[in-house]
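In: give me a 3D structure for the following:
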Amino acid sequence: MSIDKNLPISRVTAHLPRRDLRKMLRLVRLLFRMSQSVVYRNEVFPELPDVARFDPGHAALMMGYDFHLTSNGPRLIEVNTNAGGAYLSWLSEQQAEQSSAVYLSHRFEQRLLNSFLQEWHDFSGGDQSLRRVVIIDEDLEKQALFPEMEACKSWLCRHDIDAHIATPDELQLQSDGVYFRGDRVDLIYNRHCDFFLETGQMLRLKQAYLAGHVCLSPNPFAYGLLADKRRMTLWSDPGFLDKLSLPGGDKGLLLEIIPQSFLLSGLNPDDTWAQRKTLIFKPVTMFAGRGVLLGKGITRKRFSSLDPETTLVQQLVTPSVETSTNGQEFKLDIRLFVYRNHLIGVGARLYRGQVTNMKTEGGGFAPVKII
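Out: So this is what the prediction gives:
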């Protein structure tokens, strides 16, 4: 199989202990189950805007759960509702399998297709087949994973689904639905990072979403329940977990795998500064590693400028290291691609530097070997 050399795909294989994968899956399923709980939702909803409290009646495509591996097991770093890289992870497996290595199941493609079909079924009531999908994002050709969007479009077309890629302002909103080039859109696969549909053309799209005129997936409801970084402050809080009446094993799993996380506004600034070298600071409204600061490198001036209400302070979990056959070392994180509580596939990202990136020579999305 020929792989485009311009794609961020690594030829280095990442290794994932089976016991870690099992624990990661157990956590993913527990978090999804929690998100369905009335008690959990009642605790979370007051912190969310109205659009994120609207239940569209379906789940979210391409959930991504990112982990670092440690000597004491996996640690959850963050959750994403529009996680990129699934197709590239699949390509990396195809590339590696030329050498007859044992990699993850080929059921990935069918699971992914089923997630699109299930989303449409849940939204439409199963009265008609999925006909038209539009993948949306902003500044399309500037997106690092634009080639993946193109591949996803082609893949959907091969399965007899009319698929397109567009920016939100290319959509036409009419009284009965959302249209693209004169044809009504069934499902929008949302890669845009305006998670609460608050700006520009996404604000217009919000009207159609709230009116039930289009299946938007992923959506603000799923983001608010699971992917807003502020949820990690709850998942690592024993007092909050007690309110959910979780079995002891479930509570223990959360406190083991979720790094201690707080909003800066709830911490003593002087104590936090003194402990900064063991912490990482993340803006809750940003994504793709933007604005993330390692405590060991932050200046007092920069620390003082952080917005206490929108800065997540998290216990630092150092990523593990994967070594290539020629001795190159890469930092590693593992991403589980999930639909509801079902695993679609597993990907790895290899990189050097402060945070995950797709610019490291020899790095990128890598095949995963379960050991």
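In: helices and strands of the chain: which one bottoms out on pLDDT?
Out: Across the helices and strands of the chain, mean confidence by mean pLDDT, DSSP states H and E is lowest for helix 86-96: a mean of 71.
In: mind listing what's buried along whichever helix or strand comes after that one?
Out: Sequence-wise, the next helix or strand downstream of helix 86-96 (DSSP states H and E) is helix 108-124. For helix 108-124, the neighbour count (16 or more other Cβ atoms under 10 Å) marks 108, 111-113, 115-116, 118-124 as buried. All C-beta atoms are positioned from the backbone trio N, CA, C, and that covers glycine.
In: contacts for helix 108-124 next, please.
Out: Residues from elsewhere that reach helix 108-124 (Cβ atoms under 8 Å, 6 or more residues apart in numbering): 56-59, 61-62, 86, 90, 93, 129-130, 133, 155-156, 159, 161, 186-187, 189, 215, 217, 337, 339, 342-345.
In: CA atoms of it as PDB?
Out: Below are the C-alpha coordinates for helix 108-124, written out as PDB (Å, rounded to 0.1, in the frame of the first residue of the first chain):
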ATOM      1  CA  PHE A 108     -12.200  -0.300  12.400                       C
ATOM      2  CA  GLU A 109     -13.800   0.700   9.100                       C
ATOM      3  CA  GLN A 110     -17.100  -1.100   9.700                       C
ATOM      4  CA  ARG A 111     -17.300   0.400  13.300                       C
ATOM      5  CA  LEU A 112     -16.700   3.800  11.900                       C
ATOM      6  CA  LEU A 113     -19.300   3.500   9.200                       C
ATOM      7  CA  ASN A 114     -21.800   2.100  11.700                       C
ATOM      8  CA  SER A 115     -21.300   5.200  13.900                       C
ATOM      9  CA  PHE A 116     -22.400   7.500  11.100                       C
ATOM     10  CA  LEU A 117     -25.400   5.300  10.300                       C
ATOM     11  CA  GLN A 118     -26.400   5.000  14.000                       C
ATOM     12  CA  GLU A 119     -26.200   8.800  14.400                       C
ATOM     13  CA  TRP A 120     -28.500   9.300  11.500                       C
ATOM     14  CA  HIS A 121     -30.800   6.500  12.700                       C
ATOM     15  CA  ASP A 122     -31.100   8.100  16.200                       C
ATOM     16  CA  PHE A 123     -31.700  11.500  14.800                       C
ATOM     17  CA  SER A 124     -34.200  10.500  12.100                       C
END
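In: what are the pairing partners of the helix or strand following that helix, and which direction each?
Out: Downstream of helix 108-124, the first helix or strand assigned by DSSP H and E is strand 132-136. Paired strands of strand 132-136, with direction, are strand 162-166 (parallel), strand 187-190 (parallel) (DSSP bridges).
In: can you say which of these is nearest to residue 232?
Out: Closest to residue 232 of the strands paired with strand 132-136 is strand 187-190 (Cβ to Cβ; 22.2 Å).
In: now that closest one: average pLDDT?
Out: Averaging pLDDT along strand 187-190 yields 97.
In: the contacts of helix 108-124 in strands, which ones?
Out: Among these, DSSP state E puts 133, 187, 189, 215, 217, 337, 339, 342, 343, 344, 345 in strands.
In: reformat the residues you listed as a markdown table; add neighbour count and distance to residue 146.
Out: Converted to a markdown table, these look like this (neighbours: other Cβ atoms under 10 Å; distance: Cβ to Cβ, whole Å):
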| residue | neighbour count | distance to residue 146 |
| --- | --- | --- |
| 133 | 25 | 17 |
| 187 | 27 | 20 |
| 189 | 24 | 14 |
| 215 | 26 | 23 |
| 217 | 26 | 20 |
| 337 | 26 | 19 |
| 339 | 21 | 23 |
| 342 | 16 | 27 |
| 343 | 20 | 26 |
| 344 | 25 | 21 |
| 345 | 22 | 21 |
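In: appreciated, that's everything.
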